[in-house]
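Colleague: Quick one: sequence plus predicted model below, questions after.
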Amino acid sequence: MQGFNKYYPPDYDPSQGSLNKLRGKHALGDRARKLDQGILITRFELPFNIWCETCNNHIGMGVRYNAEKKKIGAYYSTPIYSFRCKCHLCDGWFEIHTDPKNTRYVVVSGARQKDEDWNPEENGGYAIHDTEKEGAPVDPLAALEKTSEAKNHMENVQRPRIESLQDFSDRYNADPYSLSLKTRKRFREEKKIEQQKKRSDDLVKDRYGLPASLQLLEEDSASKSEAKAEWQKAQQDHLRESKRTKTVLRSTPIASSMPSRTSSRNSTKPEPSSIGSLRARILQNTAKRSATAHKS
Ligand SMILES: [Zn+2]
């Protein structure tokens, strides 16, 4: 029995190891009794229905056995395990291996496996057919045509293209120094022009108090003429507008517009006499109310 309980005998010395060591037992107990042969006893559940070949009895999927588990090989880095079980109805043994390549279990000896692979056609589905047939095509002429077509394409289209690309690349990689010199010279000239333009733009922006982020148009003949046309149009509009306002002011007499305003003001503002009568009425009302209050 392994040391499940916590009874530590008086002669127990912790420096000599665990309780299991003192008793001379493995931590896995009886399950490790064949560990020296590389066998560990584990609980194994049948993954499918089988028939025992010794007693010919049917054993259902899910029945569990204390199986002897052993590593028997490897598929790449995945170990292949063998499970050896003793039939519970007779004294026969059967052996089941894992099959990492096909991710399944296979019965190796001592039993027959019931074939229970899923068949879609049997269950109202469709079988999968391989449309890309392996091996040589049926029509040899068609195959020949196909290969010759591919060959022609390769000779007439792909090879010239690759060769021209190669030429191009060779030409450009032949003298990198002079190429770099040329490009840098061109960049420098462009930069000079850019800086000149920026300076003149900044001058304009400073003069008219424009925001620094404003993008000014390129100064060419088209934009110049457009700007000129805009300016002339705006000027004409301004002249027309100022003329119109002058004529309006002259045609409307000041007197004709006044009476309506004064009359409206009269209606809202009470005259001094009406104010006097209102004051008298208020005084009368308060006198009446005080009188009735005194009576009651
Ligand atoms: Zn059996």
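Modeller: Arrived safely, thanks for sending.
Colleague: Show me what the helix or strand hosting residue 246 is packed up against.
Modeller: Using DSSP states H and E, residue 246 maps to helix 221-251. With contacts taken as 3 or more C-beta pairs under 8 Å, 6 or more residues apart in numbering; DSSP states H and E, helix 221-251 sits against no other helix or strand. For glycine as for every other residue, the C-beta is placed from the backbone atoms N, C-alpha and C.
Colleague: Check whether stretch 63-72 comes near the ion.
Modeller: No: applying C-beta under 5 Å from the ion, one finds stretch 63-72 separated from the ion by no less than 11.5 Å.
Colleague: Just the buried positions in that stretch, please.
Modeller: Neighbour-count burial for stretch 63-72, counted by 16 or more other C-beta atoms under 10 Å, picks out 65, 67-70.
Colleague: Tell me the residues on the stretch 1-150 of the chain that lie near the ion, please.
Modeller: Within reach of the ion by C-beta under 5 Å from the ion, the stretch 1-150 of the chain has these residues: 52, 54-55, 87, 89-90, 92.
Colleague: among these, which ones are buried?
Modeller: Neighbour counting by 16+ other C-beta under 10 Å classes 52, 87, 92 among those as buried.
Colleague: Closest one of the residues you listed to residue 42?
Modeller: Here the nearest of those to residue 42, counting by C-beta to C-beta, is residue 87; it sits at 17.3 Å.
Colleague: what's near enough to touch that closest one?
Modeller: 52, 54-55, 57, 59, 93-94, 110-111 (C-beta atoms under 8 Å, 6 or more residues apart in numbering).
Colleague: Which pair in these has the greatest spatial separation?
Modeller: In the contacts of residue 87, two members sit farther apart than any others by C-beta to C-beta. They are 57 and 93, at 14.1 Å.
Colleague: Touching stretch 43-59 from outside, list them.
Modeller: Stretch 43-59 is touched from outside by 60-67, 69, 83, 85, 87-92, 94, 96, 104-105, 107, 110-114, 116, with contacts defined as C-beta under 8 Å, 6+ apart.
Colleague: Break down the stretch 51-200 of the chain into its helices, ranges please.
Modeller: In the stretch 51-200 of the chain, the segments counted as helices under DSSP state H, counting those that start in this stretch are 140-153, 159-174, 176-208.
Colleague: wait, which of these is closest to residue 79?
Modeller: For the helices of the stretch 51-200 of the chain, proximity to residue 79 was assessed by C-beta to C-beta; helix 140-153 is nearest, at 45.0 Å.
Colleague: Buried ones in that closest one, by neighbour count?
Modeller: By neighbour count on 16+ other C-beta under 10 Å, the buried set for helix 140-153 is empty.
Colleague: Please apply the same query to stretch 56-64.
Modeller: residue 59.
Colleague: any residues touching stretch 72-81, and which ones?
Modeller: When contacts are defined by C-beta under 8 Å, 6+ apart, stretch 72-81 is touched by residues 69-71, 82, 97-101.
Colleague: and with 10 Å instead?
Modeller: Outside stretch 72-81, the residues that touch it by C-beta atoms under 10 Å, 6 or more residues apart in numbering are 38, 40, 42, 44, 67, 69-71, 82, 95-103, 105, 108.
Colleague: Just the buried ones from the residues you listed?
Modeller: Using 16+ other C-beta under 10 Å, the buried ones in the contacts of stretch 72-81 are 40, 44, 67, 69-70, 82, 95-98, 100, 105.
Colleague: can you tell me which of the residues you listed are in strands?
Modeller: The strands, defined by DSSP state E, take in 40, 44, 67, 69-70, 82, 95-98, 105 from the buried ones among the contacts of stretch 72-81.
Colleague: circling back to that earlier point, so which of the buried residues of stretch 63-72 is the closest to the ion?
Modeller: Taking C-beta to the ion as the measure, the ion lies nearest residue 65 of these, at 11.5 Å.
Colleague: What's the separation between the closest residue to that closest one other than its chain neighbours and the ion?
Modeller: Nearest residue to residue 65, sequence neighbours excluded (C-beta to C-beta, 6 or more residues apart in numbering): residue 85, at 3.8 Å. Relative to the ion, residue 85 is positioned 10 Å away (C-beta to the ion, to the nearest Å).
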